[in-house]
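Enquirer: all I have is the shape, not the residue letters:
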C-alpha cells in the first residue's frame, strides 16, 4: 500500500514536472512567436478589433467573417491600449501555454507522452506560433476533460455546460466538438438507465446554458445572404468521394510531417513517395482509416468515450463535407477529438464482451496504446521541429518586410492600391492604415467577404481611375507580378519584390503609378 508521504512526494514530483515543462513550452513558443511574421488571417482579427470604436461596430465588422466573436472580444480592449499586433501574439501565447498546463496537470497520459504531445505540430506550431482562434477552443476542450468525471451523479454539470458555452464561441469546429461533448454528457445517464437525472434541475439548467451558447454561436456564424461564405447545404451525387477526400486528409493530421522546402505549410512528407498521385491517394486513405480505427479500438470497450469519439469524428467530417472543406489547421480538430476520447476513457472501466475472442481482439489495441501514441506524437514533434525551424529561416509572410520597406521610403501616408484585397490586407495591418482595394472598389483594412466583390475586373484600370480621383502618385502592393506589357501600358515603375514567404500568396510586388496632371 502506498503511504500518505509517498503520495505527497509523487504529487510534488508531478507538479514540478508540470511547471518545468510549461515554462519550457512558454519560453520556446515565445522565441518562435518573436521570429514569426503574421500572415493576413492572423492580422485580420486584430484589424477587425482595432478598427471598431464600439462593441456595436465590432459586431458590424464581424458580419462577414463566419466566426463567433470570443477571440475578437478578447482582442478588442487590448487594441484600445496598444495598436501593435504583437500584443495579440502575447495574448495567444498565454492561452496556448494555459492549455498546455491543463493538459500536463490533469491528463492521464505518461510523462513521456505528455512531453511529446505538447511539443507536437498542433500544440507547438499551428495553434501556438500562429495566432488564431483555435488555441482558445483547445483550452476549453482540455478544461472540459479535466472537470469531466465518471461519476455523472455528482458531476458539476453547470460548470461543464459553461465550458461548452464558451467553447461554442471560439470557432466553428470547436462548436462541433462542443456539440459532441454535450451529446455525450446529456445522453450518458440514458446509457446507464439513470432516468431520474432527467428530472433534476441540474439537467435543465445545464441544457439551457449549452443551448444558449450554441444558438448564440450559430447566430454569429450565420453569414448574410451576400456573403462569400453563404451557401445552402451541399448535396451532390458524389457523396462517397467527398467523404473519402475528408478522411484521406486525416493522414496529414496524425502524421503532420511537411516537406522540407520554402512553401512547406500544408504539405506532407508522403508526397515524396515516387509513385503515381492516384496510388498515393489510396495509400493515404487506407492509412487514415487505420489511424482512426486504431483509436476507436483503444476506447471501444469503454462505451461512453467510444460514443463521443464516433460522434465527434462524424461531426467534423460532416462539417467539412457540408459547409467548409478547410485546411490542415481546421482538420487538426480530428487530432484533438482523438486525444479527448483517450483522456475521457481513463475515467471508465473496461466492459467485457461475452465472446472471449472479441476481448482478445480489443485487448491487443489497449495493450499497444502507449506504443501507438508514442509513434503518433513523435511524428508530430518532428513536424513541429521542421515547421518552426523553417519558420525561423524564412518569413511566414512578406507583409512585415513590405510594410517596413514602405516606411523606410516615407510612403506610408501616400495612397496605396492593394490587390488582391485578402492578401494585401496583411501589409495594411502592419502599416496600420487603410488601402484602396481596386477589385472590390472600396477603401479599408480587413477583408469584407462579400460574394459579389468583383466590381472591377481589371485592378490596374481601377487603380488608374483611383489615381485620377486622388490626383497624386499611387503605390501598388500586389501579390502577383504585373506583366511587362501592362507595366508599359500603365507606365508603372517597378520598385521592389518580396518573394521569399512560406505562404505562397503572401509574396508582394511593389510598383509606383505616377500621376501626370493634364
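Expert: Received the coordinates, thanks. Just so it is clear, the structure is predicted and the values come from calculations on it, not from any experiment. Numbering: from 1, shown residues only.

Enquirer: hey, let's count contacts and neighbours off CA atoms from now on
Expert: Fine.

Enquirer: how close does residue 263 sit to residue 41?
Expert: Distance of residue 263 to residue 41, computed by Cα to Cα, to the nearest Å: 17 Å.

Enquirer: now the helices: where do they sit in the stretch 1-150 of the chain?
Expert: 4-34, 40-50, 55-61, 70-79, 86-106, 111-118, 121, 135-147 (DSSP state H, counting those that start in this stretch).

Enquirer: give me the contact list for the fifth one.
Expert: Contact partners of helix 86-106, identified using Cα atoms under 8 Å, 6 or more residues apart in numbering, comprise 14-15, 18-19, 22, 25-26, 29-30, 33, 46, 75, 78, 114, 118, 123, 127-129, 131-132, 135-136, 138-140, 142-143, 146.

Enquirer: which residues touch stretch 54-62?
Expert: By Cα under 8 Å, 6+ apart, the surrounding residues in contact with stretch 54-62 are 48-49, 51-52, 69.

Enquirer: now do stretch 202-220
Expert: 63, 66-69, 157-158, 160-162, 164-166, 168-169, 175, 182, 186, 197-198.

Enquirer: and that stretch, which residues are buried?
Expert: Buried residues in stretch 202-220, counted by 16 or more other Cα atoms under 10 Å: 203, 206-207, 209-211, 213-214, 216-218, 220.

Enquirer: quick revisit: now the contacts of helix 86-106: which count as buried?
Expert: Neighbour-count burial (16+ other Cα under 10 Å) is assigned, among the contacts of helix 86-106, to 18, 22, 25-26, 29-30, 33, 46, 75, 78, 114, 118, 123, 127-129, 131-132, 135-136, 138-140, 142-143, 146.

Enquirer: which residue packs closest to the spatially most central residue of the chain, ignoring adjacent ones?
Expert: Central residue of the chain (Cα atoms, centre = their mean): residue 134, 4.0 Å from the mean position. Leaving aside its sequence neighbours, residue 134 sits nearest to residue 127 (Cα to Cα, 6 or more residues apart in numbering; 6.2 Å).

Enquirer: ok now stretch 258-269, how far from the chain's centre?
Expert: 18 Å (Cα atoms, centre = their mean, to the nearest Å).

Enquirer: let me redo that: stretch 51-62
Expert: The answer for stretch 51-62 is 23 Å, by Cα atoms, centre = their mean.

Enquirer: need the distance between the two termini of it.
Expert: In stretch 51-62, first residue to last residue: 11 Å (Cα to Cα).

Enquirer: do me a favour and average the pLDDT over that stretch.
Expert: Stretch 51-62 shows a mean pLDDT of 92.

Enquirer: what's the local residue count around residue 36?
Expert: 21 (other Cα atoms under 10 Å).

Enquirer: quick check: pLDDT value at it.
Expert: 96.

Enquirer: same question, residue 336
Expert: 97.

Enquirer: in contact with it: list those residues for me.
Expert: residue 138.

Enquirer: strands of the stretch 301-450 of the chain, residue ranges please.
Expert: Applying DSSP state E, counting those that start in this stretch to the stretch 301-450 of the chain gives strands spanning 416-419, 435-437, 442-444.

Enquirer: dump the residue contacts of residue 332.
Expert: 122, 253.

Enquirer: I meant to write residue 415 there.
Expert: Residue 415 sits in contact with 435-436, 470, 472-475, where contact means Cα under 8 Å, 6+ apart.

Enquirer: same thing but 6 Å
Expert: residue 474 (Cα atoms under 6 Å, 6 or more residues apart in numbering).

Enquirer: dihedrals phi and psi, it?
Expert: Backbone torsions for residue 415, taken as degrees, to the nearest 10, come to phi -60, psi 140.

Enquirer: from residue 435, how far off is it?
Expert: 7 Å.

Enquirer: what does residue 160 give?
Expert: 44 Å.

Enquirer: so which of the two has more stuff around it?
Expert: residue 435 (27 against 24).

Enquirer: just the pLDDT for the more buried one.
Expert: 95.

Enquirer: I figured it hits residue 419, correct?
Expert: No. Here residue 435 lies out of contact with residue 419, judged by Cα atoms under 6 Å, at a distance of 9.5 Å.

Enquirer: residue 475: helix or strand, and which one exactly?
Expert: Using DSSP states H and E, residue 475 sits within strand 474-478.

Enquirer: does anything pack onto that strand? Which helices or strands?
Expert: Packed against strand 474-478 by the contact rule (3 or more Cα pairs under 6 Å, 6 or more residues apart in numbering; DSSP states H and E) you find strand 416-419, strand 508-513.

Enquirer: that strand: what's the following helix or strand?
Expert: Sequence order places helix 484-489 as the next helix or strand after strand 474-478, per DSSP H and E.

Enquirer: what's downstream of that next one, the next helix or strand?
Expert: strand 492-498.

Enquirer: contacting residues around that following strand?
Expert: 507-513.

Enquirer: strand partners of the strand holding residue 475, parallel vs antiparallel please.
Expert: strand 416-419 (parallel), strand 508-513 (antiparallel) (DSSP bridges).

Enquirer: what mean pLDDT does the shortest one have?
Expert: Mean pLDDT, computed over strand 416-419, is 95.

Enquirer: now do the residue nearest to the centre of the chain against residue 30, distance only.
Expert: 18 Å.

Enquirer: and the nearest residue to residue 296 once chain neighbours are set aside, how many neighbours?
Expert: Once flanking residues are discounted, residue 296 sits nearest to residue 306: 6.5 Å by Cα to Cα, 6+ apart. Using other Cα under 10 Å, residue 306 has 23 other residues around it.

Enquirer: now residue 516
Expert: 10.

Enquirer: helix/strand/coil for it?
Expert: Of the three states, residue 516 takes coil under DSSP: H, G, I helix; E, B strand; the rest coil.

Enquirer: wait, what's in contact with it?
Expert: Neighbours of residue 516 in contact, by Cα under 6 Å, 6+ apart: none.

Enquirer: what bridges to residue 497?
Expert: residue 509.

Enquirer: from residue 310, how far out is the residue nearest to residue 472 when sequence neighbours are not counted?
Expert: Once flanking residues are discounted, residue 472 sits nearest to residue 515: 5.1 Å by Cα to Cα, 6+ apart. Separation of residue 515 from residue 310 (Cα to Cα): 62 Å.

Enquirer: same check, this time on residue 390
Expert: 36 Å.

Enquirer: which of those two has more neighbours?
Expert: Each of residue 390 and residue 310 has its neighbours counted (other Cα under 10 Å); residue 390 has more, 19 against 16.

Enquirer: tell me the spacing between the more buried one and residue 257.
Expert: Plainly put, residue 390 is 12 Å away from residue 257 if you go by Cα to Cα.

Enquirer: just residue 265 next, same as before
Expert: In terms of Cα to Cα, residue 265 sits 10 Å off from residue 257.

Enquirer: higher neighbour count, these two?
Expert: Neighbour count, other Cα under 10 Å: between residue 265 and residue 257, residue 257 has more, with 25 against 21.

Enquirer: which non-adjacent residue is nearest that one?
Expert: residue 383 (4.1 Å).

Enquirer: ok, now which ones touch residue 372?
Expert: By Cα under 6 Å, 6+ apart, residue 372 lies in contact with nothing.

Enquirer: pLDDT score for it?
Expert: Value for residue 372, per-residue pLDDT: 95.

Enquirer: for the protein, name the helix or strand with the lowest mean pLDDT.
Expert: helix 239-248 (a mean of 68; mean pLDDT, DSSP states H and E).

Enquirer: immediately after that one, which helix or strand?
Expert: Per DSSP H and E, the helix or strand that comes after helix 239-248 is helix 250-254.

Enquirer: could you list every helix and strand in contact with that following helix?
Expert: Against helix 250-254 (3+ Cα pairs under 6 Å, 6+ apart) you get no helix or strand.

Enquirer: that helix: how far from the chain's middle?
Expert: 15 Å.
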